[in-house]
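could you work out the structure for the sequence below:
(2 chains)
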Amino acid sequence: MKPILEIESLKKHYGKSKNQTKALDGITFQVMPGEFLGIMGSSGSGKSTLLNCIATVIMPSSGNIIMNGKQIQTLKGAELADYRGKEIGYLFQNFELLDNLTGRENILLPLSLHGVSENESKKLLERLTSYLEVEDVLDKFPAQMSGGQKQRIAAARALILNPGIILADEPTGALDSKNAKALMEKLSGLNQNENATILMVTHDSNAASYCKRILFIQDGIICHELRRDTPDESQQDFYSRILKVVAQLGGGSANVL
Amino acid sequence: MFFKLIFRNSKRNRRENGLFFASLLIAIIAFYIILSLDNQDVMIFLKQMESNAVGKLMTIIPAFYGMALFILFFLIYYGSKYQLERHKHGFGVYLMMGMSRTKLFLMLLAEDFRNSIVSLIIGLPAAVLLSELISLITARLVGLGIVGHQISFSFNAVMWTAIGFILIKFIAFLILSGKISRKEIGSLLVETPDGVKVQKPAFVYALSILIGILCLAIAYILAIRGEAWLNLKNMGLTIILGIFGTFSFFYGIRFIIDLVVKNGKGNRQLYVFNFRQIQETVIHRSGTLAICSMLILAALCCFGAGVAITRSYGESEAHVLDYTFKNIENNDTEAVRQILEDNNLDVRFSDLFEMKVGHIETTKDYDNAFQMETVMSALRDMQPSDDRDVLLSNFKYDTYPYLISLSSYNELLTSAGLPNLELNTDEAAVYMDSAYTVYGRKKLLNSILDTNPLVYLDGKELYLTGTVQTTNLVTDRSITLSFALILSDDAFEYYTQGEYSIYLNGVLKKSETENTSLMSAISDMNKELRKTGLSYESYLQNMGRQLFYMVAASYITIYLAIIFLIIANTIIGVQFLISQQKAGKRYRTLIHLGAEYATICKSSGKQINWYFGIPTAVAAFSSLFGVRALFTGIVSSRARSNLNEMMIVSAAMILALCVIECIYIAVVKRSSDRYLLTLMVPEREE
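From the prediction side, this is the model:
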């Protein structure tokens, strides 16, 4: 099976040589289709920089990012816009819904941006909204929705163009635990039932326990990797293992490797 | 460091915000032009001609200046507001870093002051130059060779311009910086769009737009039927209905936009987004939009009125005579000719002839000296019309008309290059001064004259014949007759019993006016004539009077129109840019979702078109009625009778408006594109 996303010795350095910050210092990994990959690390570890590089928000200093066999650093103009819109679906921490558009209009926004007719996506829209349980709020404005509803609308928007991979940036960061759980169950369901590929950055161990594999980043390098032993390992057990790693990394004294 | 910051910021302000800087320059130029008005060539010339009227005009200049200050204050206010909004974030950062509010205030004040000075340094010379240019062009247009160009520079005007400008700038600054300094740091640091307001049920908006349309319709009807001009109450009602209707219309227009959003074809790129954006700005700014729309309407009406007034004075009768010598003692025209000859002036006239005008001296029965019952009954039988009623009521009083001798009138006709009249002793032609006739009335009367109606002059039968004569008897205003009879010389002598006045009319030789303008030829001649002590009037007065009305009307109305237009457009543009900036985050989201630069530029371009288009379209539509109402109300019936011409004037105005709007839209689009470009490098908010 070919990987959907390949990251090869990715580096991102800020500043000049003397007081240079190495946000990413040579990271290499692959994401296979249908994978639910979590990236964990403390603040400043470089996990957000990594996600931003993949989302083409920032340009890496060196290394390759290859999505479906295409090198994304070389994309420009229409190709870049297509990449952002169709190849990846981005889920923001603070939803980034347009507050003057209704839920439905927000979900359909990518279609309008990329010139896809609504009829084509009508079925997908119905399936997504019913799966994400947001049918009731489709005609409401974001201000009239709860945080969880907003994030699920945002999820529907990220999925409406059927992207190759979903990049989720702390998707539960602005949600209470109940809504966070609901969202994670939906995402994990998408991964299991629809074989959706998800790359999620988080520092919430609970959210991370829904993943199949977790990469831990510290000081710009991958320092640890956890794989859930599905289906034998329960989510609770996996969660405990994650906590252990987080505690060790947070303590900073011992290297689990 | 503090001063460096001020220096840098004010420089950046000017470079980044062309719209703001341009509005400052416009304010300066507007002030200077109005203040230096009495130094303009045309005004200097008119002071000699119509010193009274010019004096009156000049006394209202200070009031006008005050008004301009008041109006331009809004321009500066909105310009500065946008300016400060742009840099709100920076102010927040300064405060976060521990700059005291006083120091921030001082910094902003110094920046503002520096900008004002730079604007003055650039604006004043531009204003002087422009005023000079206007002076030269108007002088050229009206053919003022005589005055010789005088530099219109006025130190007073410069002083007052600077004072006025700095004053309104300072007041605007105080209000705005007061608002900014009261804000919390948090709200300075984060741009938040106005968001969704609490919505009332849709029928409220539908009702509002209906009421708006209804009010406007009533106002339009009152206006074009002329009922608004009947009395103050009607006028007040029309204006209040118009204003209320406009506000109500703009308040309810979200209903229509909502319909457009819901029923539109979603396939078009960012269609829904665009309309939601427009809807939001319209919802939050419906009052401002209504005001801007009314300002544009006021501008159009000013233009229309200015053009109409100018035209109605400009299109006066053809000019035939250059001089009329009056108050001739004992009707001894020979003596006048002799004096001219003695001074070697007679050779400068191509034509010198007598105009004989007198009263009926054969009877003292002033109420029945002249009877034209046949004409009156013919008029009464005609279809009712305004022109008919005017003629009927005027003719009631024409029982003792002036008489004009045929031979002298024929000489006038010859000078004018018109065919001569031929009358028998029992025939008369009707004369009406061109100031009293309009095309429609002449037509009515001519149709009656075709039947050669029988009338009675001092009890004797007389047949009216020919067409209504309107060539002016003298050069200016010594005599203007609303109704007179041209009689054959024998009949004239009989009815006047030899008691009549003689005016000596003169036409200057072509060679006199060939190499110089008519104005300078006449004013040269006047110098010579003054020495002779003759009593005369020249065409120059006539011209001066017309010129004064034309210049005064066109100056003031066009000036006001331009100011109104500029202010309305600047406010619309600035408001759009502010709201766009507040919605910056939305554009960032769009970019995240894969919007290209060209796509969001196109989207904001569409929003700009609509945002400008809605108030402009409403204003243009209202102006069709507004201009017609003005024509009905203030313009002479002569101009009114020409509906087609009016429509051409309106169309030309709307075209000019379109051009100006296009310029503004282009400028705002450029600003918006530049702003959007700064968003293209997306940053992730932590």
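
B:Val430 should be in a strand, yeah?
Yes. Membership of B:Val430 in a strand is supported by DSSP: H, G, I helix; E, B strand; the rest coil.

which residues does it contact?
Counting by C-beta atoms under 8 Å, 6 or more residues apart in numbering or on different chains, B:Val430 touches B:Leu445, B:Leu449, B:Leu464, B:Gly466, B:Val468, B:Gln469, B:Phe483, B:Ala484, B:Leu485, B:Ile486. Any C-beta I mention is one placed from the backbone N, CA and C, and that applies to glycine too.

again with B:Asn394
B:Asn394 neighbours (C-beta under 8 Å, 6+ apart): B:Ser482, B:Phe483.

three-state assignment of it?
helix.

next secondary structure element downstream of the helix or strand of chain B with the lowest mean pLDDT?
Ranking every helix and strand in chain B by mean pLDDT, DSSP states H and E puts helix B:637-640 at the bottom, with a mean of 54. Counting by DSSP states H and E, the next helix or strand C-terminal to helix B:637-640 is helix B:643-679.

and that following helix, what's buried?
B:646, B:649-650, B:653-654, B:657, B:660-661, B:664-665, B:667-669, B:671-673, B:675-676, B:679 (16 or more other C-beta atoms under 10 Å in any protein chain shown).

average pLDDT across that helix?
Helix B:643-679 shows a mean pLDDT of 81.

does chain A have contacts with that helix?
No. Residues of helix B:643-679 are not located near chain A by C-beta under 8 Å from any C-beta of the partner chain, the shortest gap being 12.2 Å.

which strands and helices lie in contact with that helix?
helix B:18-35, helix B:286-314, helix B:539-582, helix B:584-592, helix B:597-634, helix B:637-640 (3 or more C-beta pairs under 8 Å, 6 or more residues apart in numbering or on different chains; DSSP states H and E).

of all the ones you listed, which lies closest to chain A?
helix B:584-592 (4.4 Å; C-beta to the nearest C-beta).

ok, that closest one near chain A or not?
Yes. Shown here: helix B:584-592 in contact with chain A (C-beta under 8 Å from any C-beta) through B:Lys585, B:Arg586, B:Arg588, B:Thr589, B:Leu590, B:Ile591, B:His592.

find the nearest non-adjacent residue to the fourth one, please.
The one in question is B:Thr589. A:Glu96 (4.4 Å; C-beta to C-beta, 6 or more residues apart in numbering or on different chains).

and the one you found, helix, strand or coil?
coil.

what's near enough to touch it?
Residues near A:Glu96 by C-beta under 8 Å, 6+ apart: A:Ala154, B:Lys585, B:Arg588, B:Thr589, B:His592.

hang on, the third one packs against B:Leu676?
No. Between B:Arg588 and B:Leu676 there is no contact, the gap being 10.2 Å when judged by C-beta atoms under 8 Å.

now the strands for the chain?
Going with chain A. A:5-14, A:21-31, A:36-40, A:62-67, A:70-71, A:88-91, A:165-169, A:198-201, A:213-218, A:221-227 (DSSP state E).

can you look at chain B instead?
Using DSSP E, strands in chain B cover B:323-325, B:349-358, B:370-371, B:402-405, B:427-431, B:454-457, B:460-469, B:484-487, B:500-508, B:536-538.

in JSON lines, list these along with mean pLDDT.
Below are the strands of chain B laid out as JSON lines (pLDDT from 0 to 100):
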{"stretch": "strand B:323-325", "mean pLDDT": "84"}
{"stretch": "strand B:349-358", "mean pLDDT": "85"}
{"stretch": "strand B:370-371", "mean pLDDT": "86"}
{"stretch": "strand B:402-405", "mean pLDDT": "90"}
{"stretch": "strand B:427-431", "mean pLDDT": "89"}
{"stretch": "strand B:454-457", "mean pLDDT": "88"}
{"stretch": "strand B:460-469", "mean pLDDT": "87"}
{"stretch": "strand B:484-487", "mean pLDDT": "90"}
{"stretch": "strand B:500-508", "mean pLDDT": "85"}
{"stretch": "strand B:536-538", "mean pLDDT": "82"}
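
dump these into a markdown table; add distance to A:Ile107 as well.
Shown next, in a markdown table, are these (distance: least, C-beta to C-beta, whole Å):
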| stretch | distance to A:Ile107 |
| --- | --- |
| strand B:323-325 | 85 |
| strand B:349-358 | 88 |
| strand B:370-371 | 89 |
| strand B:402-405 | 87 |
| strand B:427-431 | 82 |
| strand B:454-457 | 88 |
| strand B:460-469 | 78 |
| strand B:484-487 | 85 |
| strand B:500-508 | 84 |
| strand B:536-538 | 82 |
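
to A:Val116, which of these lies closest?
Nearest of the strands of chain B to A:Val116, taken as C-beta to C-beta: strand B:460-469 at 75.3 Å.

show me what that closest one is packed against.
Right, strand B:460-469 is packed against strand B:427-431, helix B:439-449, strand B:454-457 by 3+ C-beta pairs under 8 Å, 6+ apart.

can you name the residue of chain A nearest chain B?
Nearest residue of chain A to chain B (C-beta to the nearest C-beta) works out as A:Gly85 at 2.5 Å.

gap between the closest residue to B:Leu167 other than its chain neighbours and B:Met294?
Ranked by C-beta to C-beta, 6+ apart and with sequence neighbours excluded, the top spatial neighbour of B:Leu167 is B:Leu69, at 7.4 Å. Look at B:Leu69 and B:Met294: by C-beta to C-beta, to the nearest Å, they are 20 Å apart.

tell me the buried residues in stretch A:108-119?
Buried, per 16+ other C-beta under 10 Å, within stretch A:108-119: A:Leu108, A:Leu109, A:Pro110, A:Leu111, A:Ser112, A:Leu113, A:His114, A:Val116.

show residues contacting that stretch.
A:81-82, A:85-86, A:98, A:101, A:120-121, A:125, A:157, A:160-161, B:266-273, B:590, B:593-595, B:599.

average pLDDT across that stretch?
Taken as a whole, stretch A:108-119 has a mean pLDDT of 80.

and that stretch, how far apart are its ends?
One end of stretch A:108-119 sits 11 Å from the other (C-alpha to C-alpha, to the nearest Å).

please consider this matter closed, and thank you.
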